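S.K.: quick one: sequence and predicted model below, then my questions.
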Amino acid sequence: MWKNSEIKREKVLIEALPYIREFYGSIFVIKLGGNALIDEKRMEDIVQDIVLLRFVGINPIIVHGGGPEITRKMEKMGKKAEFIAGLRITDDETLEIAKMVLVGKINDRIVTLIGKHGGKGIGLSGKDGKLITARKKDLQKIIVDGVEKEIDLGWVGEVKCINPEILFIVVEKGYIPVISPIAVDDEGNSLNINADSVAGDIALSVGAKKLIILTDVEGLLMDVSDPSTLISKISLDEVKELMKRNVIHSGMIPKIQSGIKVVESGISCHIIDGRKPHSLLLELFSHEGIGTMIY
């Protein structure tokens with residue numbers, strides 16, 4: 001006799017089949033960030049899910065951030081992280097620490113975990129093969145105590161051009177690229193770029209089917225203090241309206257901005273809670289989903 005648990009597992013597999021068939025051969029850009037990069041167990045679970053995607057015929061490209069880890073490293077080295085209106089100031093020393101953490105630690109750890117679970121990971125920064133050419137961000141206008149000021153963020157950049165050639169080469173060979181958001185400008189200077197923005201631009205450059213942003217909240221919430229206000233699906237026009245009404249703020253802004261950019265080009269965007277076990281698989285391979293989809 002079949003046990004109920006066995007029948008349930010069978011239904012899960014059958015439910016996943018049409019999605020696997022639909023996504024086979026396509027590229028997914030997956031952005032990892034937040035505390036998932038600090039919690040070893042959580043990171044390993046996410047990477048294991050990404051390797052599974054590769055073995056069912058999907059081509060994942062990982063872009064990772066590392067803001068909390070950079071701040072922790074700075075504190076250990078006796079340097080105070082400086083933020084103005086939520087924006088990190090990146091001086092020479094902070095840039096070196098960011099490169100140390102993003103390229104030398106987080107990137108290497110993700111590649112190692114991919115190998116542990118049977119995949120082939122390859123670590124890249126935006127400087128490799130001129131993958132990401134950037135420009136230094138202009139002075140930012142912010143309001144401090146009711147007064148508008150212009151601030152220089154230092155070595156913080158924005159994407160000027162993506163050259164996806166190296167990504168197509170390694171993906172075709174069965175590798176999972178793992179990209180840290182350190183780019184280079186025309187003068188050869190390194191620049192740190194917001195990983196959400198990088199993920200969106202890479203998704204556009206490779207013609208991805210989906211951009212998936214793993215974060216530390218349930219998804220897009222109408223009220224950030226109330227998880228029950230999760231928006232499961234939202235149209236492009238609706239999410240733009242929420243931006244105008246300042247319903248979306250803080251760290252969710254660059255995620256939504258990237259989502260809007262890719263959806264306008266026909267790529268669907270999912271913002272999901274990376275804290276939940278196998279949230280990536282549940283969002284992609286089940287009827288209900290688990291986070292927010294912008295369509």
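M.R.: Ah, there it is.
S.K.: which residues of this structure fall in helices?
M.R.: Secondary structure of the chain by DSSP state H: the helices cover 4-23, 40-55, 67-76, 92-99, 107-116, 165-172, 195-206, 236-244, 252-263, 279-285.
S.K.: comparing the ones you listed, which comes out most buried?
M.R.: Of all these, helix 195-206 carries the top mean neighbour count, a mean of 25, counting by mean count of other CB atoms under 10 Å. (Glycine included, C-beta is placed from N, CA and C.)
S.K.: tell me what that one is packed against?
M.R.: Helices and strands touching helix 195-206, by 3 or more CB pairs under 8 Å, 6 or more residues apart in numbering; DSSP states H and E, are strand 27-32, strand 59-64, strand 157-162, helix 165-172, strand 210-215, helix 252-263.
S.K.: could you rerun that using 7 Å?
M.R.: strand 27-32, strand 59-64, strand 157-162, strand 210-215, helix 252-263 (3 or more CB pairs under 7 Å, 6 or more residues apart in numbering; DSSP states H and E).
S.K.: contact partners of it?
M.R.: Residues from elsewhere that reach helix 195-206, judged by CB atoms under 7 Å, 6 or more residues apart in numbering: 27, 29, 31, 33, 61, 63-65, 132, 158-159, 162, 164, 167, 179, 181, 211, 213, 254-255, 258, 261-262, 265, 267.
S.K.: buried ones from these, can you make that a ChimeraX selection?
M.R.: Buried residues among those (16 or more other CB atoms under 10 Å), as a ChimeraX selection:
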select :27,29,31,33,61,63,64,65,132,158,159,162,164,167,179,181,211,213,254,255,258,261,262,267
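S.K.: as a markdown table, the helices of the chain with distance to residue 272 and mean pLDDT would be great.
M.R.: Converted to a markdown table, those look like this (distance: least, CB to CB, whole Å; pLDDT from 0 to 100):
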| stretch | distance to residue 272 | mean pLDDT |
| --- | --- | --- |
| helix 4-23 | 15 | 78 |
| helix 40-55 | 10 | 94 |
| helix 67-76 | 18 | 90 |
| helix 92-99 | 26 | 95 |
| helix 107-116 | 18 | 97 |
| helix 165-172 | 22 | 96 |
| helix 195-206 | 13 | 97 |
| helix 236-244 | 16 | 89 |
| helix 252-263 | 11 | 92 |
| helix 279-285 | 5 | 90 |
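S.K.: now those helices in CSV, with distance to residue 291?
M.R.: Formatted as CSV, the helices of the chain follow (distance: least, CB to CB, whole Å):
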stretch, distance to residue 291
helix 4-23, 15
helix 40-55, 13
helix 67-76, 20
helix 92-99, 28
helix 107-116, 21
helix 165-172, 25
helix 195-206, 15
helix 236-244, 14
helix 252-263, 11
helix 279-285, 6
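S.K.: so which of those gets nearest residue 225?
M.R.: Closest to residue 225 of those is helix 252-263 (CB to CB; 13.5 Å).
S.K.: to the chain's geometric centre, what's the distance from that closest one?
M.R.: Averaging C-alpha positions (CA atoms, centre = their mean, to the nearest Å) puts helix 252-263 11 Å from its chain's average.
S.K.: please save the CA atoms from that helix in PDB.
M.R.: The C-alpha trace of helix 252-263 is given here as PDB (Å, rounded to 0.1, in the frame of the first residue of the first chain):
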ATOM      1  CA  MET A 252      13.300  47.300  -1.400                       C
ATOM      2  CA  ILE A 253      13.700  50.200  -3.800                       C
ATOM      3  CA  PRO A 254      16.700  48.900  -5.800                       C
ATOM      4  CA  LYS A 255      15.000  45.500  -6.000                       C
ATOM      5  CA  ILE A 256      11.800  46.900  -7.400                       C
ATOM      6  CA  GLN A 257      13.600  49.200  -9.700                       C
ATOM      7  CA  SER A 258      15.500  46.200 -11.200                       C
ATOM      8  CA  GLY A 259      12.200  44.300 -11.300                       C
ATOM      9  CA  ILE A 260      10.500  47.100 -13.300                       C
ATOM     10  CA  LYS A 261      13.400  47.400 -15.700                       C
ATOM     11  CA  VAL A 262      13.400  43.600 -16.600                       C
ATOM     12  CA  VAL A 263       9.600  43.200 -16.700                       C
END
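S.K.: counting by contacts, list what it packs against.
M.R.: Under the contact rule (3+ CB pairs under 7 Å, 6+ apart), helix 252-263 is packed against helix 195-206, strand 210-215, helix 236-244, strand 268-273.
S.K.: how many neighbours does the residue lying closest to residue 35 once chain neighbours are set aside have?
M.R.: Leaving aside its sequence neighbours, residue 35 sits nearest to residue 216 (CB to CB, 6 or more residues apart in numbering; 5.4 Å). Each residue near residue 216 was counted by other CB atoms under 10 Å, and the total is 14.
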